[in-house]
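Chemist: have a look; sequence and predicted model below, questions after that.
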Amino acid sequence: MVAEDQPLLASLRTALLDCDAPQPGEDLTLVASRVVERELPMLGLSDRALLVRRLVADAAGYGPIERLLADRRVDEVMVNGHDEIWVERAGKLERTDVRFDSVEALRDAIDRLLGSAGRRVDTLSPIADARLDDGSRVNVILPPLAVNGPTMTIRRFRPGGYSLDDLVRLGTIDERLGALLAAAVIDRLNVVVSGATGCGKTTTLAALAGEIPVSERVVTIEDAAELHLDHPHVVRLEARPRGASGAGEVLIRDLVRNALRMRPDRIVVGEVRGGESIDMLDAMATGHAGSLSTVHAGSPSGALRRIASLAHQAELGLPHEAIAERVGAAIDMVVHQVRRADGSRCVERVAVVEQMDAGPRACDIFRTQDGAVRWRVLPKAERFARLRFG
């Protein structure tokens, strides 16, 4: 296909750069059309249109990945250097035939993409996270940290997100479990969603938050704001990295503490990954019931241990026993999600948290394995008025 002829595209790009800048009100597409018509007058209309779109994408957009970002079936775009690009569709990884002409072309696209989000990356700060206007999350890492060349990962999110009913229809959540989780949120249980990277924790967190009554004020706190809740009263807070001068950093922990002064009915922390854990536990245990968050962990019990470990990073000098007691007092339920071999996601376990003499313990009330679903009734679960187990 003519539009994939890299030397030809490079030549046309040079010709486009040599043109005068578009006049006020003049579309860049018109300028690119004139260049293609001048350089390749015998080209067919369909190939000409393809070349024009590629030129405009290179000059004003994100280069060859524009068409991947335009494909709503693509959940993730992974750029492993300028000449190797993968995507995830329906949970499956696929290598594409898309590539950048050079490392410089990839860097230009990265700079435009991060620039649109008010972020930057360079040799002094070779790692960057950003959020695009459509809610997509972007991570960039440069050499020498990235050995194969500039590496960029763009995680897409469905506009409007998913509701619990959507997750039930997709098979992520058992139908009866969906009703239980909705009741848990309405009854103001403090719920943590655990799991590995890419298992859908954020999607499930947003679905749970969608069950918060519309009469309540919700404050969301994230590293890169991804949650788009279908709720009339949401205040979204986003952490900020250090600037080029090394100043200006605002941590999630700072935002959690500030949120307590914002009269929240619910606090939703996108992911607990540091010292903010102790502030979140204090908020959950001292009047902000019904808070929600996620954490990287391999099991419900692992989630409790990790939250306790992260709380130690707050450097308050608290003994392990005191932190363990706070974990047990603050967290009511852990929803553990996994990603299956076929790429689909599912809630594999749900546990209620019991405070024991030896510390908090995650006790399964729901578990699915090899298609078999098992329920277990526990005294603590029975105390939650709206939760009914047959």
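Modeler: Cool, the structure landed. Note that this is a predicted model, so its numbers are computed, not measured. Numbering: from 1, shown residues only.

Chemist: distance of the closest residue to Leu251 other than its chain neighbours from Glu249?
Modeler: Nearest non-adjacent residue to Leu251, counting by CB to CB, 6 or more residues apart in numbering: Ala239, 6.0 Å away. Yep, even glycine has a C-beta here, placed from its N, CA and C like the rest. To Glu249, Ala239 is 8 Å away according to CB to CB, to the nearest Å.

Chemist: higher neighbour count, these two?
Modeler: Between Ala239 and Glu249, counted using other CB atoms under 10 Å, the more crowded position is Ala239 (19 against 11).

Chemist: next up, the contacts around the more buried one.
Modeler: By CB atoms under 8 Å, 6 or more residues apart in numbering, Ala239 lies in contact with 221-223, 250-252, 254-255.

Chemist: any of these buried? List them.
Modeler: 221-223, 252, 254-255 (16 or more other CB atoms under 10 Å).

Chemist: how about a markdown table for those, with distance to Arg67 added?
Modeler: Listed next are the buried ones among the contacts of Ala239 as a markdown table, based on distance: CB to CB, whole Å:
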| residue | distance to Arg67 |
| --- | --- |
| Ile221 | 34 |
| Glu222 | 29 |
| Asp223 | 28 |
| Ile252 | 35 |
| Asp254 | 40 |
| Leu255 | 36 |
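
Chemist: where's the dip in pLDDT among these?
Modeler: Among these, Asp223 carries the lowest pLDDT, at 83.

Chemist: tell me the phi and psi of the closest residue to that residue other than its chain neighbours?
Modeler: Nearest residue to Asp223, sequence neighbours excluded (CB to CB, 6+ apart): Ala239, at 5.1 Å. Here is the backbone geometry of Ala239 (degrees, to the nearest 10): phi -70, psi 160.

Chemist: distance of Ala239 from Asn258?
Modeler: 11 Å.

Chemist: would you map the strands across the stretch 101-250 of the chain?
Modeler: Assigned by DSSP state E, counting those that start in this stretch, the stretch 101-250 of the chain shows strands spanning 127-131, 137-141, 151-155, 191-195, 218-222, 234-238.

Chemist: how about those strands in CSV, adding distance to Phe366?
Modeler: Shown next, in CSV, are these (distance: least, CB to CB, whole Å):
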stretch, distance to Phe366
strand 127-131, 33
strand 137-141, 29
strand 151-155, 28
strand 191-195, 13
strand 218-222, 26
strand 234-238, 29
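
Chemist: any buried residues in stretch 213-225, and which?
Modeler: So, applying 16+ other CB under 10 Å, buried residues of stretch 213-225: 218-225.

Chemist: what does that stretch rub up against?
Modeler: Contact with stretch 213-225 is made by 129-131, 135, 137-138, 186, 209, 212, 227, 229, 231-239, 252, 255-256, 259, 262-271, 273, 290, as judged by CB under 8 Å, 6+ apart.

Chemist: which of the strands of the stretch 101-250 of the chain is buried the deepest?
Modeler: Greatest average neighbour count among the strands of the stretch 101-250 of the chain goes to strand 191-195 (a mean of 27), per mean count of other CB atoms under 10 Å.

Chemist: got the contact list for it?
Modeler: 181, 184-185, 201, 204-205, 208, 272, 291-300, 302-303, 307, 331-339.

Chemist: where does this protein have low pLDDT?
Modeler: Scanning the chain with the threshold set as pLDDT under 70 gives 1-29, 31-32, 36, 53-61, 159-160, 243-246, 315, 377-390.

Chemist: would you state the helices of it in chain order?
Modeler: Ranges of helices within the chain are 6-18, 28-39, 45-60, 66-69, 103-116, 164-170, 175-186, 201-209, 252-259, 276-285, 300-312, 320-330, 379-382, based on DSSP state H.

Chemist: among the ones you listed, which is nearest Ser125?
Modeler: Nearest to Ser125 among the helices of the chain is helix 103-116; the distance by CB to CB comes to 10.8 Å.

Chemist: for that closest one, packing partners?
Modeler: Packing partners of helix 103-116 (3 or more CB pairs under 8 Å, 6 or more residues apart in numbering; DSSP states H and E): strand 127-131, strand 137-141, strand 151-155.

Chemist: who does the second one pair up with?
Modeler: Looking back up the chat, that one is strand 137-141. In its sheet, strand 137-141 lies beside strand 127-131 (antiparallel), strand 151-155 (antiparallel), with partners assigned from DSSP bridges.

Chemist: using CSV, write down the CA coordinates of that strand.
Modeler: Extracted in CSV, the C-alpha atoms of strand 137-141 (Å, rounded to 0.1, in the frame of the first residue of the first chain):
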residue,chain,number,x,y,z
ARG,A,137,-3.3,6.6,30.7
VAL,A,138,0.1,7.1,29.2
ASN,A,139,3.5,5.9,30.5
VAL,A,140,6.8,6.8,28.8
ILE,A,141,10.3,5.7,29.6
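
Chemist: what sits up against it?
Modeler: Here strand 137-141 makes contact (CB under 8 Å, 6+ apart) with 110, 113-114, 117, 121, 126-132, 150-155, 157, 224, 226.

Chemist: what do you get for the first one?
Modeler: Here strand 127-131 makes contact (CB under 8 Å, 6+ apart) with 113-114, 117-121, 137-142, 145, 223-226, 238, 241.

Chemist: now that strand against helix 103-116, angle please.
Modeler: Put simply, strand 127-131 runs at 50 degrees to helix 103-116, going by axes from the mean of the first three to the mean of the last three CA atoms, to 10 degrees.

Chemist: export strand 127-131 to PDB, keeping only CA atoms.
Modeler: The C-alpha trace of strand 127-131 is given here as PDB (Å, rounded to 0.1, in the frame of the first residue of the first chain):
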ATOM      1  CA  ILE A 127      10.000   8.500  33.100                       C
ATOM      2  CA  ALA A 128       6.600  10.200  32.800                       C
ATOM      3  CA  ASP A 129       2.900   9.400  33.400                       C
ATOM      4  CA  ALA A 130       0.100  11.400  31.900                       C
ATOM      5  CA  ARG A 131      -3.600  11.400  31.200                       C
END
